[in-house]
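> Got a sequence here, can you model it:
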Amino acid sequence: MTLEFTQRATGGDSPFALPGSPVPYFLEAGEGERAHLFDQLFTVLLSGDETEGQFGVFTMEAPRGEAIPVHSHADVHEIFYVLDGKVRVIIEDLDGTRHDKVLATGDFGYVPAGRKHSFRVESHRARTLGVNTGGFERFFAAAGERTEARMPPVVPLIPSREQLGAAAQEFRNEFHHGVHLHD
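Predicted structure coming up:
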């Protein structure tokens, strides 16, 4: 039996390219589809394309900052696993119960589909691993801007209302304007 090895996923024509189908591949630290949105760097490591729509995996790195706007996605589940730092995750359950927890390095949080939620980096800097229902991981590039940078933006990237609205519609992300879950 011969074992064939695949190329690194980013070895193609684009520094953003993942394989696009369920094939084995490897990424070195910092590789993947990178995008800036607000003050954050999102790096997609695995997309719904590679898992036949089942799930996507990404990292988020950001400095302490403002809370992400309250939002929900009816058919997307999402997890937060804190790799480094502290991140406050706030979730509103379907009955209105508010769950507010500061997650530290090694802590885990789960946001079921359809729940309003927000998060905010509470430490000087934080890095999380996120897993979501397949396909949603590409929202960040659609709402923000693809980048070759390996660090969060120095100047926050604020998308236009039109760009953010188009990305929200494409990825079934509903923003709840005027709703504040955080203090």
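> contacts and neighbour counts: CA atoms only from here.
OK.
> In space, what's closest to Tyr81 - neighbours in sequence excluded?
Phe108 (4.5 Å; Cα to Cα, 6 or more residues apart in numbering).
> List the residues that contact that neighbour.
79-82 (Cα atoms under 8 Å, 6 or more residues apart in numbering).
> Buried ones in the helix ranked longest in the chain, by neighbour count?
Looking across the chain with DSSP state H, the single longest helix is helix 161-170. By neighbour count with 16 or more other Cα atoms under 10 Å, helix 161-170 contains the buried residues 164-165, 167-168.
> how about the closest residue to Ala67 other than its chain neighbours, secondary structure?
Leaving out its chain neighbours, the residue that sits closest to Ala67 by Cα to Cα, 6+ apart is Arg120, at 4.3 Å. Assigned by DSSP: H, G, I helix; E, B strand; the rest coil, the conformation of Arg120 is strand.
> roughly how far apart are Arg120 and Asp75?
Distance, Arg120 to Asp75, using Cα to Cα, to the nearest Å: 23 Å.
> which one of these two has more residues nearby?
The residue with more neighbours, out of Arg120 and Asp75, is Arg120; 21 against 14, by other Cα atoms under 10 Å.
> where are the low-confidence patches of this structure?
Across the chain, residues meeting the criterion (pLDDT under 70) sit at 1-16, 178-183.
> Tell me where it has helices.
Applying DSSP H to the chain gives helices spanning 139-143, 161-170.
> which stretch among the ones you listed comes nearest Ser47?
helix 139-143 (11.1 Å; Cα to Cα).
> Can I get that closest one in PDB, CA atoms only?
Presented in PDB, the C-alpha positions along helix 139-143 are these (Å, rounded to 0.1, in the frame of the first residue of the first chain):
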ATOM      1  CA  PHE A 139     -18.800  35.600   6.300                       C
ATOM      2  CA  PHE A 140     -15.800  37.400   7.800                       C
ATOM      3  CA  ALA A 141     -14.100  37.900   4.400                       C
ATOM      4  CA  ALA A 142     -17.400  38.900   2.700                       C
ATOM      5  CA  ALA A 143     -18.100  41.500   5.400                       C
END
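> can you list the residues that contact it?
34-37, 42, 159, 163-164, 166-168, 171.
> can you give me the strands for the protein?
33-37, 40-46, 55-63, 71-72, 78-84, 86-92, 98-104, 108-111, 116-121, 125-133, 145-146, 174-175 (DSSP state E).
> Check what contacts the fourth one and list those residues.
By that I understand strand 71-72. 113-118, 173-176.
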